[in-house]
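Q: Starting from these lines, generate the structure:
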Amino acid sequence: MSNKIPVTVVTGFLGAGKTTLIRNMIESANGRRLALIINEFGDVGVDGEVLQGCGDENCDESDIVELANGCICCTVAEDFIPTMEYLLNRDQRPDHIIIETSGLALPQPLVRAFNWPEIKTEVTVDGVITLVDAPAVSEGRFAANEAAVEERRQADEQLDHETPLGELFEDQVNCADLIILSKTDLIDEAAIEKVSTSVAKEARDGVRLVKAKNGKLPLEVLLGLDMKAEDDNRLSHHERHHAANGEDHDHHHHHDHDDFESFSHIFGSVSDIEAFKTKLTDTIKAHDILRLKGFVAVDGKDMRLVIQAVGPRLEAYYDKPWTLGENRQSRLVVIGQAGMDREGIEAELAG
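A: Residues are numbered from 1 along each chain as shown. I've put the predicted structure just below:
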């Protein structure tokens, strides 16, 4: 398993809810040492009162780096790399780094920057989270106050002022590993479904949409995606998307509740790994499962098989031998929206 420090990139237009989401992540850190790189300067306002939520031992002012020289996507060498090196060279290295980007720039250049030699061996992009202002999109806008977004963009000389906001929005959604529809308590279910359908057309295949009220989502949904985004091909997907414009994409993203739930599925050993992986993928798609993780006992193998799945993306690898006398049983944790069909899922996994 990699010893790289995971990094989560949070993006979204001004007013989409990045501030609230990050504050709630700090407050629910539960002993995990989080470091924050804040690029939306003057907007988040992380202060001592907010930091109390993650405890003095695990989060202090030295874990917060605020960048005020414009978008870090445009100042990689001057700001981003030195900031990352500062966090990595500290005596107490963070367990997880969260970067809040400017909502006015493309996230792809920042993801690409993680391939710079100075940091590539130390960190990996756990995932890109894009927040979407659901009420604004339901009304045909990209932000609650598009005028304010445009004013801020024009004030930053480093940004591209020619690209329409609509295309910036598409790129933010297109780069996401997880899309959060914020402020869903302000619109009804019909409007939420309309927004979900619209946003899903711009998302990459398999990317999940979740609803949030007041930015409150469990950390197990937000962190630990293990996407290694710097290594994949998302940087060219937007061009492929436009080339394939008009193609029908079948997305189903309907969620009836805002809460999440999880359960453990315990079973015996597996003989056919490939057939089992296919079964897992089919079950995840059929039940819109957000996360699935755990380990599996394999017939004839002295090592246990680790399973990590984010949406339909599934990774399997052997991590360590079973210890002498250890009960060789398989255990998978399933995470999804409240109300998911536990009996149906367990029946399919057992079948």
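Q: CA atoms for contacts and neighbours, from now on please.
A: Noted.
Q: And the helices in the stretch 51-200 of the chain?
A: Assigned by DSSP state H, counting those that start in this stretch, the helices in the stretch 51-200 of the chain fall at 81-88, 108-113, 117-120, 134-138, 146-155, 165-174, 189-200.
Q: where among these is the average confidence lowest?
A: Ranked by mean pLDDT, the helices of the stretch 51-200 of the chain bottom out at helix 146-155, with a mean of 68.
Q: before we move on, the earlier item: could you export the helices of the stretch 51-200 of the chain as CSV, including mean neighbour count and distance to Glu261?
A: Shown next, in CSV, are these (neighbours: other CA atoms under 10 Å; distance: least, CA to CA, whole Å):
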stretch, mean neighbour count, distance to Glu261
helix 81-88, 16, 34
helix 108-113, 19, 30
helix 117-120, 14, 35
helix 134-138, 22, 23
helix 146-155, 14, 35
helix 165-174, 20, 25
helix 189-200, 18, 20
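Q: Let me know which of those helices is the nearest to Lys228.
A: Among the helices of the stretch 51-200 of the chain, the nearest to Lys228 by CA to CA is helix 108-113 (9.7 Å).
Q: by contact count, what packs against that closest one?
A: Judged by 3 or more CA pairs under 8 Å, 6 or more residues apart in numbering; DSSP states H and E, helix 108-113 is in contact with no other helix or strand.
Q: Now do it: distance to the chain's middle.
A: Chain-centre distance of helix 108-113: 15 Å, with CA atoms, centre = their mean, to the nearest Å.
Q: Likewise for stretch 270-290?
A: Distance of stretch 270-290 from the chain centroid (CA atoms, centre = their mean) equals 22 Å.
Q: and what of stretch 317-327?
A: Taking CA atoms, centre = their mean, the mean C-alpha location of stretch 317-327 is offset from the chain mean by 30 Å.
Q: what's the average pLDDT for that stretch?
A: 85.
Q: Could you count how many residues lie near the closest residue to Leu305 other than its chain neighbours?
A: Spatially, and ignoring its direct neighbours in sequence, Leu305 is nearest to Tyr318 (4.4 Å; CA to CA, 6 or more residues apart in numbering). Number of residues near Tyr318 (other CA atoms under 10 Å) recorded here: 16.
Q: again, but for Asn214
A: Using other CA under 10 Å: Asn214 sits among 13 other residues.
Q: Pull the contacting residues for it.
A: Gly17, Thr20, Leu21, Ser182, Lys183 (CA atoms under 8 Å, 6 or more residues apart in numbering).
Q: Now do the strands in the stretch 151-300 of the chain.
A: With strands called from DSSP state E, counting those that start in this stretch, the stretch 151-300 of the chain shows them at 178-182, 208-211, 260-267, 269-270, 291-298.
Q: how big is the angle separating the last one from strand 260-267?
A: The one in question is strand 291-298. On the basis of axes from the mean of the first three to the mean of the last three CA atoms, to 10 degrees, strand 291-298 is oriented at 10 degrees to strand 260-267.
Q: start at 487 instead
A: Sure, I'll start numbering at 487, so the last one becomes strand 777-784.
Q: Strand 777-784 packs against which elements?
A: Applying 3+ CA pairs under 8 Å, 6+ apart, one finds that strand 777-784 contacts strand 755-756, strand 789-796, strand 816-823.
Q: out of these, which comes closest to Phe566?
A: strand 789-796 (27.7 Å).
Q: Quick one: residues in contact with the very next helix or strand once past that closest one.
A: Using DSSP states H and E, the helix or strand that follows strand 789-796 in sequence is strand 799-807. Under the criterion CA under 8 Å, 6+ apart, residues Met487, Gly692, Lys763, Thr767, Asp788, Met789, Arg790, Leu791, Val792, Ile793, Gln794, Ala795 lie in contact with strand 799-807.
Q: Strand 799-807 pairs with which strands, parallel or anti?
A: Strand pairing for strand 799-807, determined by DSSP bridges: strand 789-796 (antiparallel).
Q: Dump the strand it pairs with to PDB, restricted to CA.
A: The C-alpha trace of strand 789-796 is given here as PDB (Å, rounded to 0.1, in the frame of the first residue of the first chain):
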ATOM      1  CA  MET A 789      -2.800 -13.700   1.800                       C
ATOM      2  CA  ARG A 790      -6.000 -11.800   2.200                       C
ATOM      3  CA  LEU A 791      -7.400  -9.800  -0.800                       C
ATOM      4  CA  VAL A 792      -8.200  -6.200  -0.100                       C
ATOM      5  CA  ILE A 793     -11.200  -4.700  -1.900                       C
ATOM      6  CA  GLN A 794     -11.600  -1.000  -2.500                       C
ATOM      7  CA  ALA A 795     -14.500   0.400  -4.600                       C
ATOM      8  CA  VAL A 796     -15.600   3.900  -5.300                       C
END
